[in-house]
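Asker: coordinates only, no sequence provided:
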């Protein structure tokens with residue numbers, strides 16, 4: 001595995017691979033790898049001739065009161081894990097090269113970002129789409145893989161790629177969970193043992209919603225209220241949102257007719273955790 005920090009070097013290597021007819025698979029990350037990240041790498045390894053993983057804690061997607069400085073980092077550990085998964089290049093660009101003095105250009109998806117985390121974290125998705133555009137231009141992948149735990153991010157990137165005519169296939173990979181159902185996240189590191197028990201309220205809330213739908217409940221407000229009250233029973237939980245919306249546009253629904261996205265964001269201690277599921281009405 002090669003460790004590359006220079007944008008010029010990464011770009012030149014990608015150009016060479018493309019000339020050689022190799023398919024480049026790409027997994028963008030902020031590091032502190034867990035099984036969720038590793039599953040994306042395995043999918044990239046399976047689909048591409050060469051696999052690039054980027055590791056960059058992107059400052060412009062964090063708000064002023066968010067956890068940029070506390071975000072967990074361990075480059076040596078991440079290098080060892082990436083190497084074990086057969087990654088060809090771990091691309092770790094420097095902040096000053098990604099955003100040099102005078103940087104003033106941003107990429108923005110306007111409508112999909114008006115919902116869910118876009119409401120709670122103004123400017124977050126502008127930071128995501130800008131950094132991903134830069135990474136796509138540097139790495140020049142044919143395929144890019146994103147975890148569906150960040151479902152809104154996946155939709156936003158797909159929209160951006162379509163709207164801006166990037167010749168890149170965007171693949172969404174299912175959420176990877178701990179044995180007890182907790183969605184894997186680098187921010188799980190923030191949880192104390194007691195808080196971690198409360199974090200299970202998210203995945204259990206998703207199951208409760210599907211059970212209600214299976215029993216014939218399709219009224220969105222009733223399901224949202226039941227899930228909200230369930231999560232509130234747990235200590236340390238502070239709900240940001242519980243939303244049921246259209247899985248393509250993210251617009252709010254009042255009734256579930258076929259499929260709907262149930263998305264949650266809950267603060268537990270200093271960890272803001274997200275989770276989601278597609279609720280399906282049985283025919």
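Answerer: Alright, I've got the coordinates. The structure displayed is predicted, hence computed values, not measured ones.
Asker: can you tell me how far residue 271 sits from residue 101?
Answerer: Residue 271 sits 34 Å away from residue 101, going by C-beta to C-beta, to the nearest Å. Using the backbone N, CA and C atoms, a C-beta is placed for each residue, glycine as well.
Asker: quick one, which of the two is more surrounded?
Answerer: Neighbour tally, residue 271 and residue 101, criterion other C-beta atoms under 10 Å: the higher count belongs to residue 271, 20 against 5.
Asker: now that one: closest residue in space, sequence neighbours ignored.
Answerer: In space, residue 271 comes closest to residue 190 once its chain neighbours are excluded; the distance is 4.0 Å by C-beta to C-beta, 6 or more residues apart in numbering.
Asker: in the stretch 1-150 of the chain, which spans are helices?
Answerer: Applying DSSP state H, counting those that start in this stretch to the stretch 1-150 of the chain gives helices spanning 7-19, 35-47, 75-84, 95-98, 117-120, 124-139.
Asker: would you reformat these as JSON lines and include mean pLDDT, distance to residue 172 and mean neighbour count?
Answerer: Formatted as JSON lines, these follow (pLDDT from 0 to 100; distance: least, C-beta to C-beta, whole Å; neighbours: other C-beta atoms under 10 Å):
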{"stretch": "helix 7-19", "mean pLDDT": "98", "distance to residue 172": "23", "mean neighbour count": "15"}
{"stretch": "helix 35-47", "mean pLDDT": "98", "distance to residue 172": "10", "mean neighbour count": "19"}
{"stretch": "helix 75-84", "mean pLDDT": "98", "distance to residue 172": "21", "mean neighbour count": "15"}
{"stretch": "helix 95-98", "mean pLDDT": "98", "distance to residue 172": "25", "mean neighbour count": "12"}
{"stretch": "helix 117-120", "mean pLDDT": "97", "distance to residue 172": "16", "mean neighbour count": "17"}
{"stretch": "helix 124-139", "mean pLDDT": "98", "distance to residue 172": "14", "mean neighbour count": "21"}
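Asker: out of the ones you listed, which comes closest to residue 184?
Answerer: Of all the helices of the stretch 1-150 of the chain, helix 35-47 sits nearest to residue 184, with 4.0 Å by C-beta to C-beta.
Asker: and that closest one, what does it pack onto?
Answerer: strand 24-29, strand 50-55, helix 75-84, strand 143-147, strand 169-173 (3 or more C-beta pairs under 8 Å, 6 or more residues apart in numbering; DSSP states H and E).
Asker: partners of the closest residue to residue 148 other than its chain neighbours in the sheet?
Answerer: Of all residues not flanking residue 148 in the chain, residue 172 sits nearest, at 4.7 Å (C-beta to C-beta, 6+ apart). Here residue 172 sits in beta bridges with residue 146, going by DSSP bridges.
Asker: correct me, but residue 172 touches residue 154?
Answerer: Yes: Residue 172 is within contact range of residue 154, at 4.7 Å (criterion: C-beta atoms under 8 Å).
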